[in-house]
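Undergrad: how would this look folded up:
(one chain, ligands or ions: 1)
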Amino acid sequence: MNLPRTIAVMGGSYGNLAALAACLADATQLQAETKAFIGDSIGCCGHSNEVVDMIRQGFDLFVAGNHEQQAVLGSTSCGCGYSSAEDEMISCEAFELATAGLSEDSKAFLATWPDSQIVELAGGRILLCHGSPGYTSEFLYEAELDDLRLEAWLDHYNVAGFVCTHSGLPFVRHLASGRFAVNCGVVGKPDHDGDPAVHYTYLDLSAPNGSIIEIRRVAYDHQSWARTMESAGISPVFVEPVRTGVWTTGVASLPASERFRYLRAAPHRTSHTARPAVTPELLDPSAWRFTLSHFEAFGLINQAEIEEALSLLDPSFPFFAAMRVADSLHLHIKVDDVGRLPHERILALGVTPENARPGYIKYPFPGGINMIFSSIPVAEEDQLPDVPPPSKPCVDHFGIDLRREIGLVRALFEDTPAVARRAGWPTKSQGGGGRLVYCCHATVAEKYWVYPPSTGSRCRREGSRCSYARRE
Ligand SMILES: [Fe+2]
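TA: Numbers count the residues shown, from 1 in each chain. Coordinates of the predicted model:
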């Protein structure tokens, strides 16, 4: 029996007909002898019956993904296995779109797909699976691969390698044993690298000059497909990644190292060459300078404190990723008497104070900078008899306000202790698990306090004053 030598493996079309057609054409042009589709045919692009028909006609082998399994069960969740609750919620919206018009005939075809299968190729046996060889909904990310686990799976199935999909991020892992693990990426959406091109894998294990294990990167008319999605009434949250190559959902569930893939240098990126902006989404440094210079003129902050505030926008600040998505920064300034602040001159800057009460006032300024003044105790140390009170006015702390309840913001907040540990900053948490934190001006769900250490940090505090060494 003549075994096929070459195989094209694709997954995750999510109803993207244009991208799937382009990948099929690419595989045909490479003369792939076998074509396998390894799950998640339907999804956020709608067009479910059309894509199922295209797959039925275009492929020889099939493996079910979580989308097929859940659709056959009549579930309302895609069963993706996201760790972020927000990602899970949006994926359910996508799944509703995917299953709304799915015909009984399509469903019956999807029900025939096995959970995995082994293909005999000239050159070796390979396992085709969806998430991982062990679990349909497991996300295998290159940054987190455990080679011993991969080898154990290959031993278990007695194969030379496996190909999976599901995560949307392609990789090829060559193992010490000479075997391999491949994630073929997905054909329905880009890999969050800022390029709208999509991916599949092409294998030839008995090529004359050694095995070919290739991630194929396929550009297609993504703009036209994005318009097709829009005219079908599909929500912008699902259209945008098709246009930009940057995900709008699923990001919080990625390992931290993969969340900002689109900021990495990508030599293959052809659709745009400009470096994406790394400036904060909601904060405006020039507005900060304007506000801070006035408070310096009022004698309420000094130059070193201004520099410290601006240094939080420097990429070398360990919590810079949080600053990029923060709603605002607040400077909490201790004064001897809030009643003696130059209120009239502050109001002349066009600001409306909030939460004014004896001993406390907040001035929210444009560009996401809030000036808070208090003469009431704000921390336990204010009540310690042995700690000499600082000379006032002085900045007690800077607050990074992460208020948007979206997955990426929550993920960055939750990363705080780990980031602090790596940077050598002590941390203290407050609230969480339903215990609210009652601050002097607001109630928040949860807070982390982080403290620049006296050594190993560019921030130096002496008495009530700080200085911040600039990066040379
Ligand atoms: Fe999947």
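Undergrad: return the residues in contact with residue 92.
TA: 76-78 (Cβ atoms under 8 Å, 6 or more residues apart in numbering). Where you see a C-beta, it was placed from the backbone N, CA and C, and this is true even at glycine.
Undergrad: using ChimeraX, make a named selection holding only the buried ones among the residues you listed.
TA: Typed into ChimeraX, the line below selects the buried ones among the contacts of residue 92, using 16 or more other Cβ atoms under 10 Å:
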select :78
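Undergrad: ok, how many other residues are close to residue 15?
TA: Per other Cβ atoms under 10 Å, the neighbour tally for residue 15 reads 29.
Undergrad: so it lies in a strand, does it not?
TA: No - per DSSP: H, G, I helix; E, B strand; the rest coil, residue 15 lies outside any strand segment and is coil.
Undergrad: so what's residue 7 bridging to?
TA: Following DSSP bridges, residue 7 is listed with bridge partners residue 34, residue 203.
Undergrad: enumerate every residue touching residue 368.
TA: Contacts of residue 368 by Cβ under 8 Å, 6+ apart are 280, 282-284, 287-288, 326-329.
Undergrad: how far away is it from residue 284?
TA: Per Cβ to Cβ, to the nearest Å, residue 368 is found 7 Å from residue 284.
Undergrad: about what we covered before: with secondary structure as added columns, please give the contacts of residue 368 in CSV.
TA: CSV is the format used below for the contacts of residue 368 (three-state DSSP):
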residue, secondary structure
280, coil
282, coil
283, coil
284, coil
287, helix
288, helix
326, coil
327, coil
328, strand
329, strand
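Undergrad: can you tell me which of these has the most neighbours?
TA: Neighbour-wise, these (other Cβ under 10 Å) top out at residue 326, 24 neighbours.
Undergrad: where does residue 237 fall, phi/psi-wise?
TA: phi -60, psi -30 (degrees, to the nearest 10).
Undergrad: identify the residue nearest it in space, chain neighbours excluded?
TA: residue 248 (5.0 Å; Cβ to Cβ, 6 or more residues apart in numbering).
Undergrad: the one you found falls within a helix, correct?
TA: No - the assignment for residue 248 (three-state DSSP) gives coil, which keeps it out of a helix.
Undergrad: my read: it touches residue 240, true?
TA: Yes - using Cβ atoms under 8 Å as the test, residue 248 is close enough to residue 240 to be in contact (5.1 Å).
Undergrad: next one: the helix of greatest length in the chain to chain centre, how far?
TA: Secondary structure of the chain read by DSSP state H shows that its longest helix is helix 85-99. Centre-to-centre, helix 85-99 and its host chain are 17 Å apart (Cα atoms, centre = their mean, to the nearest Å).
Undergrad: let me see the mean pLDDT of the following helix or strand past that helix.
TA: In the C-terminal direction, the helix or strand that comes right after helix 85-99 (DSSP states H and E) is helix 104-110. For helix 104-110, mean pLDDT rounds to 97.
Undergrad: for helix 104-110, packing partners?
TA: helix 48-58, helix 66-73 (3 or more Cβ pairs under 8 Å, 6 or more residues apart in numbering; DSSP states H and E).
Undergrad: the residue of the stretch 51-200 of the chain found nearest the ion: what secondary structure?
TA: Closest contact between the stretch 51-200 of the chain and the ion, by Cβ to the ion, is at residue 166 (3.7 Å). When classified by three-state DSSP, residue 166 comes out as coil.
Undergrad: so what's the closest residue to it other than its chain neighbours up against?
TA: Closest residue in space to residue 166, ignoring its immediate chain neighbours: residue 131 at 4.2 Å, by Cβ to Cβ, 6+ apart. Residues near residue 131 by Cβ under 8 Å, 6+ apart: 65-66, 81, 137-140, 164-167.
Undergrad: neighbour-wise, which one of the residues you listed leads?
TA: residue 65 (34 neighbours).
Undergrad: angles on the backbone of it, please.
TA: According to degrees, to the nearest 10, residue 65 has phi -100, psi -180.
Undergrad: follow-up on the earlier one: same list (the contacts of residue 92) but as a markdown table, adding secondary structure, pLDDT and distance to residue 316.
TA: Below are the contacts of residue 92 laid out as a markdown table (DSSP: H, G, I helix; E, B strand; the rest coil; pLDDT from 0 to 100; distance: Cβ to Cβ, whole Å):
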| residue | secondary structure | pLDDT | distance to residue 316 |
| --- | --- | --- | --- |
| 76 | coil | 88 | 45 |
| 77 | coil | 87 | 41 |
| 78 | coil | 87 | 40 |
